[in-house]
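Peer 1: A structural model of the following input is requested.
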Amino acid sequence: MNDSALFCADQGALRLLPGFAGAVERDATLALDALRAAARDALHVPHDAAHLLRGCAPGVRALPGRVRGEALRDLVLAPDPAAAIDLAARLDLLGAIVPEAKALRAMPKAGALYKDVYLHTLRVVAATPPDPITRLAALLHDIAKPDTLQIVGGEAHFPNHDAIGADRAARRLKALKFPKETVAAVETLVRLHLRANAYDEEWSDSAVRRLRHDAGDQWQRLLDLSAADVTSARAEVVNRARRHVHELAERARELDRPKPVAPLDGVELMQRFGRGPGPWIGEIKTLLLDLMANGALDPADRDAAWAAAEAYMARRQNT
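Peer 2: From the prediction side, this is the model:
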């Protein structure tokens, strides 16, 4: 049966036509089709349609993982992904696809102890680029918070929610039959999101290199997720965090650049000047690198490099 015969847009609202209830009992994918249509076209879902779709949750839960996974991909790529995810949650269909995301919505509200994790998740999803991997990671990055919440000394903590969440995200996406490359990418992003968010200028170069190495091909997505993962109502907090992401990106880019090499090596210098190893070799190399940086020496011009080295050695002997 053609799904267009069962629901339509009527003055900006999703309208379920006669026959939908019976048809969805035979094929629960029609409920997902209706959800997708509403999310894609920003349709209002009237009370009667919402009531009927909520009753479809058990049937949707029993659908093959691939079918539910395709629906989830369409939801996160909707024009307004946060509204699409929230619509699925309010219709009880999100839990039939991603139970872990439903658990975020069910977390107790704790006022100043911790932010509303579900609303935070929606805002992070909305702030990410329209890329399915980044948006899936945004949806799933805090899914372990409900089970890791600890209140210690009046403060909320979520120990290891990054590592636990990464494992759960991978298992969920595998069950939804996402490609293994997508599963691995989302797992990496969820596992690393706290490390990226923790960056400050005191980090050593080796710490930046380690994070860059661990992110691998997901580096830019990790930066995008980190920038989106700041949803404070205070503009200065958001601006500071995004500035840190920019600084992390610039620092990694600088470390990725190949280091210049002096046109003369130590063996050549020792043979030319008949001297053994010593600080003088480093001094000449530093001189040549400085000349290259200033544009005064072409790295390919070995004659000019030797002339500069000989002039330096002559000055050195006269001092």
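Peer 1: can I get the CA coordinates of stretch 152-160 in CSV?
Peer 2: Output in CSV follows, covering the C-alpha atoms of stretch 152-160 (Å, rounded to 0.1, in the frame of the first residue of the first chain):
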residue,chain,number,x,y,z
VAL,A,152,29.4,13.7,46.0
GLY,A,153,29.7,16.7,48.4
GLY,A,154,26.8,18.4,46.7
GLU,A,155,28.3,18.1,43.3
ALA,A,156,27.3,16.0,40.3
HIS,A,157,29.9,13.7,38.7
PHE,A,158,29.6,11.3,35.8
PRO,A,159,32.7,9.1,36.1
ASN,A,160,33.8,7.4,32.9
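Peer 1: So which bits of that stretch are buried?
Peer 2: Buried residues in stretch 152-160, counted by 16 or more other CB atoms under 10 Å: Phe158. From N, CA and C alone the C-beta is placed, and that goes for glycine too.
Peer 1: and if you look at stretch 58-75?
Peer 2: Of the residues in stretch 58-75, 59-60, 63, 67-72, 74-75 count as buried by neighbour count, 16+ other CB under 10 Å.
Peer 1: can you list the domain ranges for the chain.
Peer 2: Annotated domains of the chain cover 1-97, 112-257, 266-317 [automatic domain parsing].
Peer 1: among these, which is nearest Ala106?
Peer 2: domain 112-257 (7.4 Å; CB to CB).
Peer 1: Any regions of the protein where pLDDT drops low?
Peer 2: Segments of the chain classed as low confidence (criterion: pLDDT under 70) are 1-4, 110-112, 233, 319.
Peer 1: where along it do the strands fall?
Peer 2: With DSSP state E as the criterion, the chain has strands at 7-10, 13-16, 150-152, 155-157.
Peer 1: what's the first one packed up against?
Peer 2: Here strand 7-10 is seen to pack against strand 13-16, helix 29-41 when contacts are counted using 3 or more CB pairs under 8 Å, 6 or more residues apart in numbering; DSSP states H and E.
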